[in-house]
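[1] Structure here, sequence nowhere to be found:
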C-alpha cells in the first residue's frame, strides 16, 4: 500500500502550532473583535515565537459536519496566509457566533461562505 506524502508547504498548521484547550479557554475570556458572525480572540504567544490557532465551530451553529469542516478549512487558509505574510504574530482563537444556513435549511451556500470569508479576513 502506498502512502501519499505531503509537501512541506501543503501543511497549514502543524500539530505543534495548534492551541491547547487550556490556552483556548484563557483566550475566550478576553474581549473579542466581533463581526456579524465571528468572534476573534487574540493574545500574545506564551512560549513560542510563531502564532498558534484555535477554532471553535459548534455543532449547534453548523449542523452538518461538511459545513463545519469547510468553515475550519476556510479559517486555517485565511490565518495561514496572514502568518506567511508576516502580518500575524499573536495567538488566535476564532469562534462562530451565529448559526449558518438559516435561509437554506442549515446548509452553507456559496454566497454565505464568501460573506463569512470576507468577515474573517477583516477581523484577522
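    Nice, thanks for sending it over. Because the structure is predicted, anything quoted here is derived from the model rather than measured.
[2] in the chain, which ranges drop under the pLDDT threshold?
    Where the chain drops to pLDDT under 70, the residues are 1-17, 46-49, 102-103, 105-106.
[3] Strands along that one, start to end?
    Ranges of strands in the chain, per DSSP state E, are 33-34, 38-43, 53-56, 91-96.
[4] ok, the second one: who's next to it in the sheet?
    As defined by DSSP bridges, the strand partners of strand 38-43 come to strand 33-34 (antiparallel), strand 91-96 (antiparallel).
[5] TSV please, covering those strands and showing distance to residue 19 and mean neighbour count.
    For every residue, glycine as well, the C-beta is placed using N, CA and C. What follows is those, written out as TSV (distance: least, CB to CB, whole Å; neighbours: other CB atoms under 10 Å):
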stretch	distance to residue 19	mean neighbour count
strand 33-34	17	12
strand 91-96	6	23
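[6] and the residue nearest to the spatial centre of the chain, what does it touch?
    Geometric centre of the chain, nearest residue: residue 75, 3.5 Å, by CA atoms, centre = their mean. Residues touching residue 75, when contacts are defined by CB atoms under 8 Å, 6 or more residues apart in numbering, comprise 53, 55, 94, 120.
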